[in-house]
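[1] Kindly return the folded structure for what I paste below:
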Amino acid sequence: MAEEQTSPSSWHRTLGFGAAICLGSILVLVPAWLPRGNSGAVEDGAVELLQLALLSTSAAFLLAASSHAGRFKPIYRAMSLCAMAAAVAEFEDVLHTLIPSPLSAWLFLPFLVVALIYLLRHKRETLRFTALASRHPASGFIAAGLIITYVFSRFFGSRTFWEATLEAEFDPDLPDICRSYLELLACYFIAVGTIGFCLPVSRRAPVPS
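    Numbering: from 1, shown residues only. The predicted model follows:
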């Protein structure tokens with residue numbers, strides 16, 4: 001077993017995965033090289049679409065993997081619903097245009113409620129999955145994505161921070177640009193972590209409901 005873990009092919013595969021992930025984290029920021037113009041509509045739209053695509057991909061992977069997950073099927077479905085909720089929340093501006101109502105800002109909530117019901121109805125599997133997931137490398141990517149979203153994007157997307165840092169050279173668009181790109185990078189890390197959770201179970205035969 002030790003020889004297999006340290007074999008050249010294993011090292012090459014590990015380095016290849018690492019290089020692919022690093023390259024993806026660079027390529028996902030491609031909208032930064034798009035022509036911004038005066039309004040920046042092209043770049044901003046591309047960033048939002050990429051965020052939506054990454055979150056939707058995560059939800060699709062989790063939903064597809066749930067049929068192979070055995071006893072953890074409800075957990076994968078709950079995680080898929082959480083990814084859907086994040087995608088809906090990310091598309092809030094468009095939804096508000098389509099549904100001009102204050103309730104449009106809360107359309108993500110039903111997904112979270114159903115996900116919570118799944119988790120509460122299968123407490124034993126939830127605790128077991130949490131214990132196993134805490135030792136899985138994919139958890140690190142998802143945790144990094146959440147930290148970027150709720151810590152770094154809030155800090156570096158703060159108008160106060162950039163006003164104090166740049167003073168007279170402050171650009172009013174800078175906080176929103178930093179926040180949107182950090183959130184895009186976070187969505188990429190979440191997608192990578194999701195795929196990391198889904199690939200092992202997808203190699204198993206589907207388990208009948």
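[2] I'd guessed residue 119 sits against residue 78; true?
    Yes: shown here, residue 119 and residue 78 form a contact pair, counting by CB atoms under 8 Å, at 5.2 Å. Yep, even glycine has a C-beta here, placed from its N, CA and C like the rest.
[3] between the two, who's got more neighbours?
    Ranked by neighbour count (other CB atoms under 10 Å), residue 119 and residue 78 place residue 78 first, with 27 against 21.
[4] what helix or strand does that one sit in?
    Assigned by DSSP states H and E, residue 78 belongs to helix 73-90.
[5] what helices or strands is that helix leaning on?
    Here helix 73-90 touches helix 41-66, helix 109-121, helix 123-133, helix 174-202, going by 3 or more CB pairs under 8 Å, 6 or more residues apart in numbering; DSSP states H and E.
[6] any idea of the mean pLDDT in the shortest one?
    Spelled out, that is helix 123-133. Mean per-residue pLDDT for helix 123-133: 92.
[7] Next secondary structure element downstream of that helix?
    With DSSP H and E setting the assignment, the helix or strand that follows helix 123-133 is helix 137-147.
[8] coming back round to it: what's the closest of the helices and strands packed on helix 73-90 to residue 146?
    The closest of those to residue 146 is helix 174-202. By CB to CB, the value is 7.3 Å.
[9] coming back round to it: pull the CA coordinates from the helix holding residue 78 and hand them back as CSV.
    C-alpha atoms of helix 73-90 as CSV (Å, rounded to 0.1, in the frame of the first residue of the first chain):
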residue,chain,number,x,y,z
LYS,A,73,-28.4,10.3,-0.2
PRO,A,74,-30.4,12.8,1.8
ILE,A,75,-27.2,14.7,2.8
TYR,A,76,-26.2,15.1,-0.8
ARG,A,77,-29.7,16.3,-1.7
ALA,A,78,-29.5,18.8,1.1
MET,A,79,-26.2,20.1,-0.1
SER,A,80,-27.6,20.3,-3.6
LEU,A,81,-30.4,22.4,-2.3
CYS,A,82,-27.9,24.7,-0.5
ALA,A,83,-26.0,25.2,-3.7
MET,A,84,-29.3,26.0,-5.5
ALA,A,85,-30.1,28.5,-2.7
ALA,A,86,-26.7,30.2,-3.3
ALA,A,87,-27.4,30.3,-7.0
VAL,A,88,-30.8,31.9,-6.5
ALA,A,89,-29.4,34.4,-4.0
GLU,A,90,-26.6,35.3,-6.5
